[in-house]
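Engineer: model the structure of this input:
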Amino acid sequence: MTNSIMNVDDFDFDLPESLIAQTPLADRTSSRLLTLSARTGEVEHRHFTDLLSMLSSGDLVVLNDTRVMPARLVGAKADTGAKAELLLLKQLEGDRWETLAKPGKRLKTGAELVFGEDQDGGPLLRAVVVAEGEMGARIVEFHYKGIFNELLDRLGEMPLPPYIKERLDDRERYQTVYAKHEGSAAAPTAGLHFTQSLLEQMQAKGIQLAYVTLHVGLGTFRPMSVGQIEEHTMHSEYYELSEETAAALQAARARGSRIIAVGTTSARTLETVANKFADGLVRGCSGWTDIFIYPGYDFKLVDALLTNFHLPKSTLVMLVSALAGREAIIKAYQEAINREYRFFSFGDAMFIY
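Structural biologist: Here you go, the predicted model:
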C-alpha cells in the first residue's frame, strides 16, 4: 500500500441526478461500454456487445454467481402498528440476522415487528430486535411457521439501492442470468449486462468462464464517514472460491492469459484469495473478506475489470482508481457524464484493461 494520505474528497465528482438510471434497459446487452486503457489512459466509446471483440481466446472471465435475496421486508411495529422496515444483510446463526432497520431510532432492543397475515389474522412472520448497532443496524430474531426462504420469497421485495426511486416490475432484472447462490443484499451489477447468448458466444470464441461467490452486504449501502480513506473500515462479506475456479486461475496464469473480473465483487474476491496464500498458488477456499482496495494497491490476479459507473467518493471508485489511476478514472467519468452515460446499478458499463 502507498504511504501517502489520500482524502475521500479526491474521489468526488459532480453527477447530474438525471444520469442515475432508474430502470433497466429492455435488452440487457444494449448498454453502452466505455473502455479505458490502464496503460495509456485512452478512452473509447462502444456498445456492450463490442466486449466480445476486446476479449481473446484463452482469456479467463470471472463472474460472481451470488443471487439477491428479496431482502426488504415492509411491515409494522406490533404494539403501535406504525410502519417499519427491515433490510436483511447477513444470516448470523439460526433465525438471527443482521439487518438495517427503519426507523432505526424507534426500534430498540425488545421491539417486535410483524409482516404479512395468516388465515387467522395473525402475522406470517415476526421479528424481535435482540441487539442494536450503529446507523440503524439491528440484530433480529425471526419467529414463524414453515420454511423461512418461502416466506421471504412471498413477503420480501428486491432491496434496490436508495438512489433508485422507480418500482422494479420484473424481479429477475435485478439478478444476473447466472445467479445461483442466494445470499446478497444487492446485485453484482456489472453482470447484469450479460445474456446467456452472449456468454455462449464468448465460450465459442475460446474465452473461458469461471465463477466465484461473494454475497454483497452492508458496505454497499453505507457512505464513507471518514475524511481520509486509510481510516475507513470495510464491512466483511462472505465469499467462496471453488477448487475448479482455483484450477482455472492457475492455468490462466501458467499460459499467460488475462484474468478479467466482472464487477468489483469478483475483483475483491480474487484479490482476497491472492493475498491469502503466501506461496502464490491459488486454492479453493471460503471465508469473510473486508479487503479495501485503493490507489497504491498492487493487483495480484486481476488484469482487467468490467464494471459499472459508481457513486462519487465511494470505495468502488477507489478500487477502479487503484487499477487505472485516479486521474484517468476521474477524467473518464467526466467524459461519461458529458456524453450522458447512464450511471449506477442499471447503468452503462466500463471496461478497464
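Engineer: so where's the stretch 51-200 of the chain shaky on pLDDT?
Structural biologist: Within the stretch 51-200 of the chain, no range satisfies pLDDT under 70.
Engineer: how about the helices in it?
Structural biologist: Using DSSP state H, counting those that start in this stretch, the helices of the stretch 51-200 of the chain run over residues 51-54, 148-155, 196-204.
Engineer: any buried residues in the last one, and which?
Structural biologist: Translated: helix 196-204. Residues of helix 196-204 classed as buried by neighbour count (16 or more other CB atoms under 10 Å): 198-199, 202. (C-beta placed from N, C-alpha, C; glycine too.)
Engineer: what packs against it?
Structural biologist: helix 51-54, strand 208-214 (3 or more CB pairs under 8 Å, 6 or more residues apart in numbering; DSSP states H and E).
Engineer: so which of these is nearest V177?
Structural biologist: When these are compared by CB to CB, strand 208-214 sits nearest V177, at 12.0 Å.
Engineer: so what touches the helix or strand just after that closest one?
Structural biologist: Elements were assigned by DSSP states H and E; along the chain past strand 208-214, the next helix or strand is strand 237-241. Residues from elsewhere that reach strand 237-241, judged by CB atoms under 8 Å, 6 or more residues apart in numbering: 90, 181, 183, 212-217, 219, 265, 268-270, 272-273, 282, 284-290.
Engineer: from the residues you listed, which land in strands?
Structural biologist: Within those, residues falling in strands by DSSP state E are 90, 181, 183, 212-214, 285-289.
Engineer: point out where the stretch 201-350 of the chain drops to low pLDDT.
Structural biologist: Counting by pLDDT under 70, the stretch 201-350 of the chain contains low-confidence residues at 218, 220-223.
Engineer: swap in 80 and give it another go.
Structural biologist: Per-residue confidence for the stretch 201-350 of the chain (pLDDT under 80) gives these ranges: 218-224.
Engineer: narrow the contacts of strand 237-241 to those that are buried.
Structural biologist: Burial by neighbour count, 16+ other CB under 10 Å: within the contacts of strand 237-241 this picks out 90, 183, 212-217, 219, 265, 268-270, 272-273, 282, 289.
Engineer: out of the ones in strands among the contacts of strand 237-241, what pair is the most spread apart?
Structural biologist: Across the ones in strands among the contacts of strand 237-241, the longest distance by CB to CB is 19.1 Å; it joins K90 and C285.
Engineer: so what's L88 closest to, chain neighbours aside?
Structural biologist: Counting by CB to CB, 6 or more residues apart in numbering, A71 is the residue found nearest to L88 once chain neighbours are left out, at 4.0 Å.
Engineer: any idea how far that neighbour lies from L209?
Structural biologist: Here A71 is placed at a distance of 27 Å from L209 (CB to CB, to the nearest Å).
Engineer: and E231, by the same measure?
Structural biologist: Taking CB to CB, one finds E231 at 38 Å from L209.
Engineer: pick out whichever of the two has more residues nearby.
Structural biologist: Using other CB atoms under 10 Å as the criterion, E231 and L209 rank with L209 on top: 18 against 11.
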